[in-house]
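*Asks:* how does the following fold in three dimensions:
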Amino acid sequence: MRLISVTVELGGPYREEHGQWHMIRLPEGSTVRDALRRVGVEEELYIVVVRNRRQSSLGEALRDGDNLVAYPPVGGG
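*Replies:* Predicted coordinates for the structure are as follows:
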């Protein structure tokens, strides 16, 4: 089984609960969702993910060297 390396940066309350930076290794074919679960984020309903500076879906397959940034959506009033 081939492993890939991914960097995950968390923002807002995710950062406070799970830490800011994570360097993780996952099996090839893993998704954005898999990476977030690995660092402890399971709140899929309220999350915005940017993969390599573009908005991403949770089901997208990751590649070696990808950078993810995850944070809750920002509301205004």
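
*Asks:* assign the nearest residue to Ile4 once chain neighbours are set aside to one of the three secondary structure states.
*Replies:* Computed as C-beta to C-beta, 6 or more residues apart in numbering, the closest residue to Ile4 that is not its neighbour in sequence is Asp64, at 3.9 Å. For every residue, glycine as well, the C-beta is placed using N, CA and C. The three-state label given to Asp64 by DSSP: H, G, I helix; E, B strand; the rest coil is coil.

*Asks:* so what's Asp64 up against?
*Replies:* For Asp64, the contact set (C-beta atoms under 8 Å, 6 or more residues apart in numbering) comprises 4-6, 28.

*Asks:* and if you look at Ala35?
*Replies:* 6, 8, 24, 26, 62, 68.

*Asks:* what two of those residues are the furthest from one another?
*Replies:* Greatest spatial distance among the contacts of Ala35 (C-beta to C-beta): Leu26 and Leu68, at 11.1 Å.

*Asks:* which of those two has more residues huddled nearby?
*Replies:* Each of Leu26 and Leu68 has its neighbours counted (other C-beta atoms under 10 Å); Leu68 has more, 22 against 17.

*Asks:* who does the helix or strand containing that one touch, helix- and strand-wise?
*Replies:* Assigned by DSSP states H and E, Leu68 belongs to strand 67-71. Here strand 67-71 touches strand 3-10, helix 12-18, helix 32-38, strand 48-51, going by 3 or more C-beta pairs under 8 Å, 6 or more residues apart in numbering; DSSP states H and E.

*Asks:* no further queries at this time; thank you.
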